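Chemist: turn this into a model:
(one chain, ligands or ions: 1)
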Amino acid sequence: MTYAPSMGSRIGFVGAGIVARSLAIALSRQRYPVIAAASRSPSSARELSRLVSAAVPYQNPQDAIDAADVVFVTAPDDAIASVVAEAQWRERHTVVHCSGVSSLDVLRPAVERGARAGSFHPMQAFASVQNGVESIPGATFGIEGDDRVRAYLRQMALAIGGRPIFLEPEDKALYHLSGVMMGGLLSGVAAVAAQLWEHLGMERERGVQALMPMMRQVSQNLATAGVPDGIAGPYARGDVGTVRKHLQTLRARAPHVLPLYCHMGLAGLPFAIEKGALSPERAERIRSLLEEGLQ
Ligand SMILES: NC(=O)c1ccc[n+]([C@@H]2O[C@H](COP(=O)([O-])OP(=O)(O)OC[C@H]3O[C@@H](n4cnc5c(N)ncnc54)[C@H](OP(=O)(O)O)[C@@H]3O)[C@@H](O)[C@H]2O)c1
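Modeler: Here you go, the predicted model:
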């Protein structure tokens with residue numbers, strides 16, 4: 001007999017952190033039976049159970065696995081392989097991880113015992129459970145698995161308001177790093193921009209306050225108008241003099257930011273040209289200023 005996951009399959013979580021708790025709430029609201037949780041710390045499993053009362057907290061991960069048909073291994077990426085390798089799996093199981101960068105290989109010990117394997121990665125930054133639950137609708141879910149697992153996880157993503165896409169194993173890292181550029185790396189750029197406010201004699205937090213409404217609006221512009229129409233600023237307008245002034249100022253007052261500024265300017269230039277407000281002649285002048293800034 002071949003087992004395939006379906007809407008009625010009992011769901012358990014091993015690793016009861018932010019993603020597990022957020023998904024458990026979202027899934028149980030859509031009547032998916034979330035019935036078991038285990039974690040490294042028993043208190044984390046109990047916390048998931050407090051949020052989703054049908055989920056029984058187990059001390060031992062194996063007990064949660066034995067109670068469930070579909071097991072989400074939502075431990076940190078580095079712990080997924082050992083959690084899976086140390087557990088006993090049966091043919092009825094479907095084991096799923098939520099990592100954006102790990103392949104299905106980490107689930108191989110379960111597959112060797114006849115279980116199915118999948119991945120279900122929300123392209124979203126989860127900072128807290130409340131923020132996590134609220135940010136699921138509209139989030140893209142990168143899905144891997146065989147046909148039956150894909151169909152199950154696709155339906156699951158749609159049920160909680162997500163946008164499912166299927167990924168090939170060789171594309172996984174590229175897919176994931178696009179998210180890291182938009183998340184962790186962009187946050188780093190935001191921190192550098194905010195720190196420049198210290199040169200204005202103000203605290204970095206004041207810079208964060210000043211720049212975040214802009215960041216929100218920039219993301220809104222891109223969400224509504226797309227690339228390149230949602231891109232604005234001196235590059236899109238072709239303000240050569242402004243770019244020159246920025247570079248002079250950075251050389252004098254914050255030279256450590258100069259390479260970052262120039263690389264970002266050069267990376268965005270083709271999209272400013274595509275938008276059409278920037279003449280090729282102005283684009284060339286801006287390009288050579290930025291390249292000079294990198295020397
Ligand atoms: N956070 C995000 O923005 C995000 C976005 C997309 C995908 N993901 C993926 O989602 C997965 C979970 O991430 P997360 O952000 O939810 O992490 P998290 O909040 O740190 O939760 C991980 C949970 O697993 C528990 N744990 C650690 N080692 C364990 C082990 N050996 N066995 C069982 N449980 C263990 C943790 O410890 P305790 O039991 O001590 O609490 C914690 O509760 C990761 O694969 C991550 O890449 C995260």
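Chemist: shouldn't F72 be within a helix?
Modeler: No. Counting by DSSP: H, G, I helix; E, B strand; the rest coil, F72 is not part of a helix but strand.
Chemist: count the residues that sit near it.
Modeler: A count of nearby residues for F72, using other Cβ atoms under 10 Å, gives 26. Heads up, the C-betas are built off the backbone N, CA and C, glycines and all.
Chemist: for it, give me its contacts.
Modeler: Contacts of F72 were listed using Cβ atoms under 8 Å, 6 or more residues apart in numbering, and they are 11-15, 20, 23, 96-98, 120.
Chemist: so in terms of bridging, what pairs with it?
Modeler: F13, V96 (DSSP bridges).
Chemist: how close does it get to the ligand?
Modeler: To the ligand, F72 is 9 Å away according to Cβ to the nearest ligand atom, to the nearest Å.
Chemist: isn't V192 up against L260?
Modeler: Yes. The criterion here is Cβ atoms under 8 Å, and V192 meets it with L260 at 6.4 Å.
Chemist: so what's the closest residue to the ligand within the stretch 101-250 of the chain up against?
Modeler: Per Cβ to the nearest ligand atom, F126 is where the stretch 101-250 of the chain lies closest to the ligand, at 3.7 Å. With contact set as Cβ under 8 Å, 6+ apart, F126 has these partners: 18-19, 22, 132, 135.
Chemist: may I ask which helix or strand encompasses the closest residue to it other than its chain neighbours?
Modeler: Counting by Cβ to Cβ, 6 or more residues apart in numbering, the nearest residue to F126 once its immediate chain neighbours are dropped is G132, at 3.9 Å. When secondary structure is defined by DSSP states H and E, G132 falls within helix 129-134.
Chemist: how about E144?
Modeler: For E144, the enclosing helix or strand under DSSP H and E is strand 140-145.
Chemist: may I have the strands that pair with that strand, each with its orientation?
Modeler: So strand 140-145, judged by DSSP bridges, has these partners: strand 116-122 (antiparallel), strand 163-166 (parallel).
Chemist: next, the buried residues of that strand.
Modeler: Buried positions in strand 140-145, judged by neighbour count with 16 or more other Cβ atoms under 10 Å: 140-145.
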